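Trainee: Structure for the following, please:
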Amino acid sequence: MKKILSLIAKYKTWLLALLKPLGMGGILCLAFADAAAIPIPIDPIVAIYIWNDVKHFYLYVLLAACGSALGGLVPYGVGRAGGEAFLMKRIDRVKFERLHHRFERQEFLALMIPSILPPPTPWKLFVFGAGVFEMRVTKFLLAVFTGRTLRNLVTAWLTIKYGPRIVGVLHELAAKHNNALTAGLAALVALGVAWLLWLRRKKRKTVRVD
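Mentor: Numbers count the residues shown, from 1 in each chain. As a prediction, this is how the structure comes out:
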C-alpha cells in the first residue's frame, strides 16, 4: 500500500509540475482529462491547488467542475453513438434495466448524484448511460457541473479546515469501505436533494395561494 501511495504522490507531483505554466487553467485541463478518459486522482490535486491559493478557492472549484462537465462529453458521445448494445457489453441486463429506470424517473438526479460521490463510484457508467438514453446535452452538462461543484466545495472546505492530506485519507477510506461509504453518502445526498425539492414545492404552493 505504501508503494502505491508513493507512486500516486509522485504522479501528482509530476502532473502539477507539468501544468504549472498553465496556472489556473491547469486544473481545468486535468479535470477534463480525468472525465474524458485518463484516470487521475483529481480530488487530491484540486485540494493542493486550493491549499496553495486559498484566496481563489472558488475559482478552482468552478474550473474543475467545468472541466469535468466538458470532459464527460467524450464518454457521453461514445455511449450515444454505441447505443444500448454498447452498454450491455459492460453490465448485465438487471443493472441495465435498473440504470434505465433511474434515468426514466429523474435523469438529472440520476447523473448529478454520482457526480457528487467520490471514487470508487462508477461515474463513467452513468455518463455512458446518459448518452445511451439520449439525455439532452444541456441537461447533461448542468447535471455534471452541479454535482462536481458541490463535491469540489466539500473538498475545498475540508482542505481549508484540515489541510490537503485529509482528502487523500478520505479517498483511502472510501476505497477500503467502498459499498458502505458510497451507500451512506448516496443516501445523505438523496435526502438533501429530496429536502430541497420539498422546500421548492412548498414555496411554489405558498406563492400560488398568496
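Trainee: ok, and for stretch 114-134, which residues are buried?
Mentor: For stretch 114-134, the neighbour count (16 or more other CB atoms under 10 Å) marks 114-118, 121, 123-133 as buried. Yep, even glycine has a C-beta here, placed from its N, CA and C like the rest.
Trainee: Give me the subset of the residues you listed that lies in helices.
Mentor: The members of these that map onto helices under DSSP state H are 114-116, 123-132.
Trainee: Quick check: the farthest pair among the residues you listed?
Mentor: Longest distance between any two of these is 21.4 Å, between Ile116 and Val132; criterion CB to CB.
Trainee: Now the helix or strand harbouring Phe145: buried residues?
Mentor: Assigned by DSSP states H and E, Phe145 belongs to helix 137-162. For helix 137-162, burial by neighbour count (16+ other CB under 10 Å) applies to 140-141, 143-156, 158-159.
Trainee: Then stretch 91-109?
Mentor: Buried-residue list, stretch 91-109, by 16+ other CB under 10 Å: Ile91, Phe96, Leu99, His100, Arg102, Phe103, Glu107, Phe108, Leu109.
Trainee: what's the most distant pair in those?
Mentor: The distance between the two most remote of those (CB to CB) is 21.3 Å, for Ile91 and Phe108.
Trainee: what residues are up against His101?
Mentor: If you count contacts by CB atoms under 8 Å, 6 or more residues apart in numbering, His101 has none.
Trainee: Helix, strand or coil: sort out it for me.
Mentor: Following DSSP: H, G, I helix; E, B strand; the rest coil, His101 is assigned to helix.
Trainee: ends of stretch 66-81, how far apart?
Mentor: Using CA to CA, to the nearest Å, one end of stretch 66-81 lies 23 Å from the other.
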